[in-house]
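Student: return a 3D structure for these sequence lines:
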Amino acid sequence: MPVFRNDSSAEITAALGALPSGSAVSVVATRLLDLFTSGSIAPGTRLPPERQLAATLEVGRSAVREALAALEILGIVDVRPGSGTYLRGTVSELLPQSLSWGVLIGERSTAELLELRSGLEIYVARLAADRLTDEQLASLWRHLDRMRTSVGDLKTFVKADLAFHHELASSADNSVLLDLLQIVRSLLRIWVDRAVQDEGHARTALEEHEAVFRALSSHDADGAASAMATHMATASARLASVQAGDATGAA
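Tutor: Numbering: from 1, shown residues only. Model prediction:
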């Protein structure tokens, strides 16, 4: 196949074609990955705008946006505000990420993903309790302190919460575990961003994170895993509730 030019919206949209029926975000991501790993698009190529991709794939813009956001987390594309979305690497660089994505993509239930996320987060907490450095512990404290000061600002609170979990995953010093968590979070992202819906939820989440941090600061692996299990139980319940509300049309 010929390699597309850096600005090649027409060629890319023609190659995509209309999508089959199925989960819109999953199918969009799969079709884009197939195209990106075919070798027909050069690294650095700018993708067509979301509106054009949505029209070509015959899906809503939100599905395209969520698929691109997930692919950005995986390192497949680079989203540059005000500029566009660009393909990041060569086929050899993208293939491992696409294979990792393939482990989870498709018609997976939210319940299964929540179970997987919980297990991974609990194991991360156990490993991190033994492996994290003083610098990483200090960084976790800063994220926790930001959560404390933003319980009334849910958008900031959610960002600090995510930063805490990302730092914790890095502290486990296991790159495969970190990659798997990033994949699961990307697939759950549409609900994760709305899981903390009021200040009461935020305060509960804060208390649970503080319990995790106390165990980590004592290098108590069992205690960290137990505290994270408690947090995952309530967090998963909130996520499932948000998804159920969307499915029934509730606010």
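Student: any low-confidence regions in the stretch 101-250 of the chain?
Tutor: Scanning the stretch 101-250 of the chain for pLDDT under 70 picks out 101-109, 186-187, 189-197, 242-250.
Student: repeat that for 50
Tutor: 103-107, 247-250 (pLDDT under 50).
Student: show me where it has strands.
Tutor: With DSSP state E, counting those that start in this stretch, there are no strands along the stretch 101-250 of the chain.
Student: quick one, helices of it?
Tutor: Secondary structure of the stretch 101-250 of the chain (DSSP state H, counting those that start in this stretch): helices at 110-131, 134-148, 154-171, 175-192, 199-217, 221-248.
Student: nearest to Ala24, of the ones you listed?
Tutor: With respect to Ala24, and counting by C-beta to C-beta, the nearest of those is helix 175-192 at 10.9 Å. Glycine gets a C-beta too; all of them are placed from N, C-alpha and C.
Student: quick one on the thing from earlier: and of the helices of the stretch 101-250 of the chain, who's closest to Asp78?
Tutor: Closest to Asp78 of those is helix 175-192 (C-beta to C-beta; 15.1 Å).
Student: list the contacts of the nearest residue in space to His143 that is not next to it in sequence.
Tutor: Distance criterion C-beta to C-beta, 6 or more residues apart in numbering; nearest residue to His143, sequence neighbours excluded, is Phe164 at 4.0 Å. By C-beta atoms under 8 Å, 6 or more residues apart in numbering, the residues touching Phe164 are 140, 143-144, 147, 209.
Student: and the two most separated of these?
Tutor: Largest pairwise distance in the contacts of Phe164, by C-beta to C-beta, is 10.6 Å, between Leu140 and Met147.
Student: burial measure for Ala163, as a count.
Tutor: When neighbours are counted by other C-beta atoms under 10 Å, Ala163 registers 17.
Student: oops, could you answer that again for Thr110 instead?
Tutor: By other C-beta under 10 Å, 18 other residues sit near Thr110.
Student: stretch 113-121: how far from the chain's middle?
Tutor: Its chain's C-alpha centre and that of stretch 113-121 lie 13 Å apart, by C-alpha atoms, centre = their mean, to the nearest Å.
Student: no wait, stretch 41-52
Tutor: Here stretch 41-52 is found 21 Å from its chain centre; the criterion is C-alpha atoms, centre = their mean.
Student: okay, buried residues for that stretch please.
Tutor: Across stretch 41-52, burial judged by 16 or more other C-beta atoms under 10 Å covers 41, 43, 45-48, 50, 52.
Student: and stretch 154-164, by the same measure?
Tutor: Taking 16+ other C-beta under 10 Å as the criterion, stretch 154-164 shows 154, 157-161, 163-164 as buried.
Student: next, the contact list for Lys155, please.
Tutor: If you count contacts by C-beta under 8 Å, 6+ apart, then Lys155 has nothing around it.
Student: how close does it sit to Asp161?
Tutor: Separation of Lys155 from Asp161 (C-beta to C-beta, to the nearest Å): 11 Å.
Student: ditto for Ser150
Tutor: 10 Å.
Student: next: Ala129.
Tutor: Ala129 sits 19 Å away from Asp161, going by C-beta to C-beta.
Student: check Arg31 too.
Tutor: Counting by C-beta to C-beta, the gap from Arg31 to Asp161 is 32 Å.
Student: now do Val77
Tutor: Going from Val77 to Asp161 by C-beta to C-beta gives 25 Å.
Student: again, but for Met232
Tutor: Distance from Met232 to Asp161, counting by C-beta to C-beta: 13 Å.
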